[in-house]
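> What shape does this take:
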Amino acid sequence: MKKLTFFAATLLAAWMLQACGGSNTAKHEDAVDSAQEVNKETAPVDKESSDFAIEAANGGMMEVQAGKLAQEKATSQRVKDFAAMMVRDHSKAGDELKGLAQSKNIALPDSISGDARDHIEKMSKMSGKDFDKHYMDMMVDDHNEDVDKFDKAANNLTDPDLKTWAANTLPTLRAHQDSAKAIQAAMKNK
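I've put the predicted structure just below:
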């Protein structure tokens, strides 16, 4: 019986490594769903903590992709500068989260969700002031949600390392939120 259990565990581990491309980053059509499935099977941390890590990774990657697009397409220098800050800060936070997730065997998505990908694609077809307005409206909305999620995570997660990471990332997100709101307000006054 012990040999059968060991064999089953070995097969499960091999399958999970293959499903994750040999790492803790999920690679499937919708990487967010795949990461959630892997974490559900392996339970590296509690569900709330792993779901937060997946959402934070997905959101961060989306901020980076949208920021890169805005650096190319925005007409306002202020919007381009904000986008550069998004790429820099969210790349840094994403790298920190990847390291933390790897140390805890939490699977993270390797690409943004299908919904986020569709949104970025629609944005790529916009131009001029319409693009600038859409991007900044999106940044205000996203950072309002992010600040709320990270605040809850910093106060309520049971995993102490993810809780600390959320708390340490929160001031940067609040600064982004304030900047986005200021740029959005300035654009409305023009």
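
> tally of neighbours for Lys47?
The number of residues packed near Lys47 is 11, by other CB atoms under 10 Å. C-beta: built from backbone N, CA, C; applies to glycine.

> Kindly report the same for Ser103.
Using other CB under 10 Å: Ser103 sits among 11 other residues.

> which strands and helices sit next to the helix or strand hosting it?
For Ser103, the enclosing helix or strand under DSSP states H and E is helix 77-104. On a contact count with 3 or more CB pairs under 8 Å, 6 or more residues apart in numbering; DSSP states H and E, helix 77-104 meets helix 47-73, strand 108-109, helix 128-156, helix 160-188.

> so what's His119 up against?
62, 138 (CB atoms under 8 Å, 6 or more residues apart in numbering).

> how close does it get to Asp141?
Using CB to CB, to the nearest Å, we find His119 at a distance of 11 Å from Asp141.

> before we move on, what about Gly67?
15 Å.

> More neighbours: the two, which one.
Gly67 (24 against 12).

> Hmm, Lys80 and the more buried one touching each other?
No: Gly67 is beyond contact range of Lys80, at 9.6 Å (criterion: CB atoms under 8 Å).

> burial count for Lys68?
As a burial measure, Lys68 scores 16 neighbours (other CB under 10 Å).

> and the helix or strand that contains Lys122 with helix 128-156, angle?
Using DSSP H and E, the element containing Lys122 is helix 114-124. Angle, helix 114-124 to helix 128-156, by axes from the mean of the first three to the mean of the last three CA atoms, to 10 degrees: 150 degrees.

> Now helix 114-124: buried residues?
116-117, 119, 123 (16 or more other CB atoms under 10 Å).

> Same check on stretch 98-110?
Within stretch 98-110, the residues that count as buried by 16+ other CB under 10 Å are 98, 100-101, 104-110.

> could the helices and strands packed on helix 77-104 be laid out in a markdown table, adding distance to Lys92 and mean pLDDT?
Shown next, in a markdown table, are the helices and strands packed on helix 77-104 (distance: least, CB to CB, whole Å; pLDDT from 0 to 100):
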| stretch | distance to Lys92 | mean pLDDT |
| --- | --- | --- |
| helix 47-73 | 9 | 93 |
| strand 108-109 | 16 | 88 |
| helix 128-156 | 15 | 96 |
| helix 160-188 | 9 | 96 |
